[in-house]
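Colleague: sequence first, then the predicted structure:
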Amino acid sequence: MSDKVAIFIDGGYLDKVLQNEFSYAKIDYQKLASWMSNNVSIFRTYYYNCLPYQSNPPTKEESERFSRRQKFHLSLNKLPHFEVREGKLEHRGYSADNSPIFVQKRVDILLGVDIVLLSSKQRITHASIFAGDSDFLPAIEIAKNEGVLINLFHSKIYLPHDDLWQVADDRIEITEEVINNILR
């Protein structure tokens, strides 16, 4: 089998990095995937995130935010070899300061299932993951046991969990120079 890489992007983590580290930089996701491929042929790029929460009935602002994100996900799905996987954002009440509490559900398990299926079916030889969450560890360990090389892409400020750092074969930081090369 020739070398193939699957790109796994935790959209929530990437959004936080772009917002707080790179002043809301607007990037070209195909260029991001190409950079993350490390010159290995791309099998597919998976992008994981949730649509924004909408109350019932939704406010005008909620509807507009939901529509913008939906259009963004549709535009990613139109890119060659891209697949958007949507979790669900659930409202879990209010904090002490009366701000709403939202919890992202299903995103981590979707990523985990995809990496396990692709590695166990020997569809990929490499996995490039842009994430910081240790919930992915069991799936990554299975992929490694199947012979898949794991490249962890990360932020300088929002470092990945220590256990995720340890299990990765290579760790690559996204820098200002990289961002400038992948801007829209």
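Modeller: That came through, no problem.
Colleague: grab the longest strand from this structure for me.
Modeller: Scanning the chain for the strand with the most residues, using DSSP state E, yields strand 82-94.
Colleague: how far does that strand sit from its chain's centre?
Modeller: Remark: strand 82-94 is offset 13 Å from the chain centroid, using CA atoms, centre = their mean, to the nearest Å.
Colleague: pLDDT (mean, whole number) over it?
Modeller: Mean per-residue pLDDT for strand 82-94: 90.
Colleague: how about stretch 142-155?
Modeller: Per-region confidence: stretch 142-155 scores 97 on mean pLDDT.
Colleague: what's in contact with it?
Modeller: Identification of contacts with stretch 142-155 by CB atoms under 8 Å, 6 or more residues apart in numbering yields 5, 13, 16-17, 21, 36, 38, 115-116, 118-120, 122, 124-132, 140, 160, 164-165, 167-174. (C-beta placed from N, C-alpha, C; glycine too.)
Colleague: flag every buried residue along that stretch.
Modeller: Buried residues in stretch 142-155, defined by neighbour count with 16 or more other CB atoms under 10 Å: 142-144, 146, 148-155.
Colleague: helices or strands up against the worst-scoring helix or strand of the chain on mean pLDDT?
Modeller: Of all helical and strand segments in the chain, the minimum by mean pLDDT, DSSP states H and E falls on strand 100-105, at a mean of 82. Helices and strands touching strand 100-105, by 3 or more CB pairs under 8 Å, 6 or more residues apart in numbering; DSSP states H and E, are strand 82-94.
Colleague: partner strands of the strand it packs on and their direction?
Modeller: Paired neighbours of strand 82-94 in the sheet (DSSP bridges): strand 42-50 (parallel), strand 100-105 (antiparallel).
Colleague: please consider this matter closed, and thank you.
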